[in-house]
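Trainee: compute the structure for the input listed below.
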Amino acid sequence: MTFDFSGKHAIVTGASRGIGEAIVRQLDRGGARVALVARSGDRLEAIASELANDPLVVVADLSTNESIDQISSAVLDAFGGVDVLVNNAAVERNQPASKVTGAAIDETLFVNLRQAFMLSSAFAKPLFSTSGAIVNISSVASTGAGGTQGAYAASKGGLDTLTKNLANEWASKGVRVNGVAPGLIDTEMWEPTFEALGEEEVRSTFVRNVPLARWGTADEIANVACFLASQQASYVTGQTIRVDGGMTNI
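Mentor: Numbers count the residues shown, from 1 in each chain. Presented below is the predicted three-dimensional model:
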């Protein structure tokens, strides 16, 4: 799927793999110049080498306070302005509530919620000037039904609320703010789980809860994220769209 982002400048965090990489590639196909943000410089450079529209690589660790100024300075120096911000970077700590550590809670809420808020704030004025769009990548875990994902679920629930709040606050500025909540998506994020429990077992067991009876793809999430960032969604704001094969319908 291709949307028209000709002449637009976009930022994607967590751009080095999975959903972030898929969004980057689709924005580039649509004509956007994209800033790729992640910790892995080598992976970012490899992806950027395959893009068509003079991408910008920003190596930054969103678990640090300094990363916000680092990202905003690099992007605004190179682009001058911003049309699209995709807050995709996230960490997941799968720990039973009886054993969770304060450090794990702090890191999860910091990266997944606080830093998405701070980046949105850092780029607020540039987005106001372009009547831009923000897309926050949430999760169906935000429903709270994820078992041992308490901190992760709380961070994504907070992100959904932030999406609505910013949408209402910034509508008068012409900025739309929406979210995408992926379900069971086949990305590298699942590799530790496959190693721990067995890939075949995980794939077959987890998919039983999906009415469409299959895992989703990163491209399917990118399709919805880029729709929300595009002018085709010009009258959509404050929404978080679940892309989960019907999993949360059960």
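
Trainee: how many residues are close by residue 110?
Mentor: For residue 110, the neighbour count with other C-beta atoms under 10 Å is 17. From N, CA and C alone the C-beta is placed, and that goes for glycine too.

Trainee: same question for the one 5 residues further on.
Mentor: Counted with other C-beta under 10 Å, the neighbours of residue 115 add up to 23.

Trainee: again with residue 142
Mentor: For residue 142, using other C-beta under 10 Å, the count is 24.

Trainee: distance check, the residue nearest to residue 238 when sequence neighbours are not counted against residue 138.
Mentor: Among residues not flanking residue 238 along the chain, residue 167 sits closest, at 3.4 Å (C-beta to C-beta, 6 or more residues apart in numbering). Separation of residue 167 from residue 138 (C-beta to C-beta, to the nearest Å): 13 Å.

Trainee: more neighbours: which of these two?
Mentor: The neighbour count for residue 167 versus residue 138, taken as other C-beta under 10 Å, is higher for residue 138 (27 against 19).

Trainee: give me every residue that touches the residue nearest to residue 238.
Mentor: With contact taken as C-beta atoms under 8 Å, 6 or more residues apart in numbering, residue 167 is in contact with 176, 177, 178, 237, 238.

Trainee: just the pLDDT at the residue most central in space within the chain, thanks.
Mentor: In the chain, the centroid-proximal residue (C-alpha atoms, centre = their mean) is residue 88; its distance is 1.9 Å. Looking at residue 88, its pLDDT stands at 98.

Trainee: so it makes contact with residue 13?
Mentor: Yes - Residue 88 is in contact with residue 13 according to C-beta atoms under 8 Å; the separation is 5.3 Å.

Trainee: quick check: neighbours shared by the two?
Mentor: Shared contacts of residue 88 and residue 13, counting by C-beta under 8 Å, 6+ apart, come down to residue 20.

Trainee: show the backbone phi and psi for the closest residue to residue 234 other than its chain neighbours.
Mentor: Nearest residue to residue 234, sequence neighbours excluded (C-beta to C-beta, 6+ apart): residue 176, at 7.5 Å. When quoted as degrees, to the nearest 10, the phi and psi of residue 176 stand at phi -100, psi 140.
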